[in-house]
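In: Below: sequence and its predicted model.
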Amino acid sequence: MPKNSSTPRVFVAATRMNDGKTTSALGLLSALQQHHPRIGYIKPVGQRFVEIEEQKIDEDSYLMQRVYQIEAPLVDMSPIAVEPDFTRRYLESANNEVLVRRIERAFDRVSWEKDFVVVEGTGHAGVGSVFDLSNATVARLLNAKVVIVSQGGIGKPIDEVALNQALFEKEGVEIIGVILNKVLPEKIDYISNFARKGFKRRGLELLGVIPHQPILSCPTVAAIREELEADVLNSNAGINHIVGRVVMGAMSVHHAMHHLTAGALVITPGDREDILLAAGAAQGRAEGSASLSGIILTDNIRPSAPVMRIIRELPFPVLLAEGDSYQVASRVHDLNVKTRPADTQKIEIIRDVVGRHVDVARILELLQ
């Protein structure tokens, strides 16, 4: 157990990956700050990380520190980064006591002089079991009660929460309630009514129902550039534009003009200079917010010098990527969209929607 047993804390878990756990944690931090100004955060076990000053830091820990200016060392907010060979090395030579002490000491440091700490898990309750640090085990180690996040619906989330509940209860960890995420706005009342009844039968409270926000599933040009390892052919202005729709530039210029609308990302071979010139002309007639989100040129074909001069003047990023248009479009389609520190519009939406649709006051009551 960590030495700090007095600072209030909550463990945010999920029934599976991409259910909205990080989104809920991000919004909860903002809402909890209204009650506890000095907020702390830790993600004990992280699977996706970035390199910060030669340290592997979970990307969610980096997000929270950047957004909320949390006063704690990043290395303590992300004590264990599961690298590609982490599990193999653990199975060859288990060092569970070392990992446990690292988590406990990190929690003591991130909770120092804090009024409240949000602990974020990784995936469902069993993730991490292969190296003896499942979410349920970590919640027990940190003496934290749990809020589970699941996707909207009635039967499916109740079934999935029941599976997770069994493992948490086996570890002696209390689940105080459930947050349903990505619920269609027109179904909120219906789902809230029946889900609340279903969870009550399992001794759980429904603590919030968050309406689906399509924009949160839309990637930014920056995220796509990183995924494709693409070059930026003009300035980085607009690199954080949100991509509303993807257009394949494999049509005639006449038809393409109808698709060069605000928020669109155009994917086209690098030798389709007619499409590029049409995009430039369309932007010349557009005003401000009517801009495309960007263009991706495929096959690693760099345009001619005259066209490059036009590209440099465009008000949105033009990327140059390897692979044909189908391969690039497939990677964009399959991209796992994560909120980033620069996604200010998304972050404001998350703060607002969690603040309005999650009963934070009730969470605090149940933690006492």
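Out: Ah, there it is.
In: Which residue ranges of the stretch 101-250 of the chain form helices?
Out: Along the stretch 101-250 of the chain, the stretches classed as helices by DSSP state H, counting those that start in this stretch are 135-141, 155-170, 188-200, 221-228.
In: list the buried ones in the shortest one?
Out: Taking 16 or more other C-beta atoms under 10 Å as the neighbour-count basis, helix 135-141 is seen to contain the buried residues 135, 136, 137, 138, 139, 140, 141. In this view, the C-beta of every residue, glycine as well, is placed from N, C-alpha and C.
In: Show me the shaky parts of the chain.
Out: Along the chain, the parts satisfying pLDDT under 70 run over 283-290.
In: Show me the longest strand that occurs in it.
Out: The longest strand of the chain (DSSP state E) is strand 175-183.
In: Just the angle for it relative to helix 155-170, thanks.
Out: Inter-element angle recorded for strand 175-183 and helix 155-170: 150 degrees (by axes from the mean of the first three to the mean of the last three C-alpha atoms, to 10 degrees).
In: quick revisit: just the buried residues of helix 135-141 now: which is nearest residue 80?
Out: residue 138 (9.4 Å; C-beta to C-beta).
In: Quick check, the closest one in contact with residue 123.
Out: No: assessed by C-beta atoms under 8 Å, residue 138 is found out of contact with residue 123, at 11.9 Å.
In: To residue 15, which of the helices of the stretch 101-250 of the chain lies closest?
Out: Minimum separation from residue 15 across the helices of the stretch 101-250 of the chain (C-beta to C-beta) falls at helix 155-170, 3.8 Å.
In: Packing partners of that closest one?
Out: For helix 155-170, the helices and strands in contact under the criterion 3 or more C-beta pairs under 8 Å, 6 or more residues apart in numbering; DSSP states H and E are helix 135-141, strand 145-151, strand 175-183, helix 188-200.
In: Mind listing residues that contact that helix?
Out: Residues from elsewhere that reach helix 155-170, judged by C-beta atoms under 8 Å, 6 or more residues apart in numbering: 13, 15-16, 124-126, 134, 136, 139, 146, 148, 150-151, 174-175, 178, 180, 195, 198-199, 202, 204.
In: just stretch 78-86 next, same as before
Out: Under the criterion C-beta under 8 Å, 6+ apart, external residues in contact with stretch 78-86 comprise 42-47, 49, 56-58, 61-62, 99, 102-103, 105-106, 131, 133.
In: Including distance to residue 252, could the helices of the stretch 101-250 of the chain go into JSON lines?
Out: Output for those, formatted as JSON lines (distance: least, C-beta to C-beta, whole Å):
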{"stretch": "helix 135-141", "distance to residue 252": "53"}
{"stretch": "helix 155-170", "distance to residue 252": "45"}
{"stretch": "helix 188-200", "distance to residue 252": "44"}
{"stretch": "helix 221-228", "distance to residue 252": "25"}
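In: out of those, deepest packed?
Out: Mean neighbour counts were taken over these using mean count of other C-beta atoms under 10 Å, and the top value, a mean of 25, falls to helix 135-141.
In: so where does the closest residue to residue 213 other than its chain neighbours fall, helix or strand?
Out: Leaving aside its chain neighbours, residue 213 sits nearest to residue 349 (5.8 Å; criterion: C-beta to C-beta, 6 or more residues apart in numbering). Assigned by DSSP states H and E, residue 349 falls within helix 344-357.
In: Can I get that helix in PDB? Just the C-alpha atoms.
Out: What follows is the C-alpha trace of helix 344-357 in PDB, where atoms were taken according to Å, rounded to 0.1, in the frame of the first residue of the first chain:
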ATOM      1  CA  THR A 344      -8.400  22.700 -27.700                       C
ATOM      2  CA  GLN A 345     -11.800  22.500 -29.300                       C
ATOM      3  CA  LYS A 346     -12.300  18.900 -28.400                       C
ATOM      4  CA  ILE A 347     -11.100  19.500 -24.800                       C
ATOM      5  CA  GLU A 348     -13.600  22.200 -24.200                       C
ATOM      6  CA  ILE A 349     -16.400  20.000 -25.500                       C
ATOM      7  CA  ILE A 350     -15.300  17.200 -23.200                       C
ATOM      8  CA  ARG A 351     -15.100  19.400 -20.200                       C
ATOM      9  CA  ASP A 352     -18.600  20.800 -20.900                       C
ATOM     10  CA  VAL A 353     -20.300  17.500 -21.700                       C
ATOM     11  CA  VAL A 354     -18.900  15.600 -18.700                       C
ATOM     12  CA  GLY A 355     -19.600  18.500 -16.400                       C
ATOM     13  CA  ARG A 356     -23.300  18.500 -17.500                       C
ATOM     14  CA  HIS A 357     -24.000  14.800 -17.800                       C
END
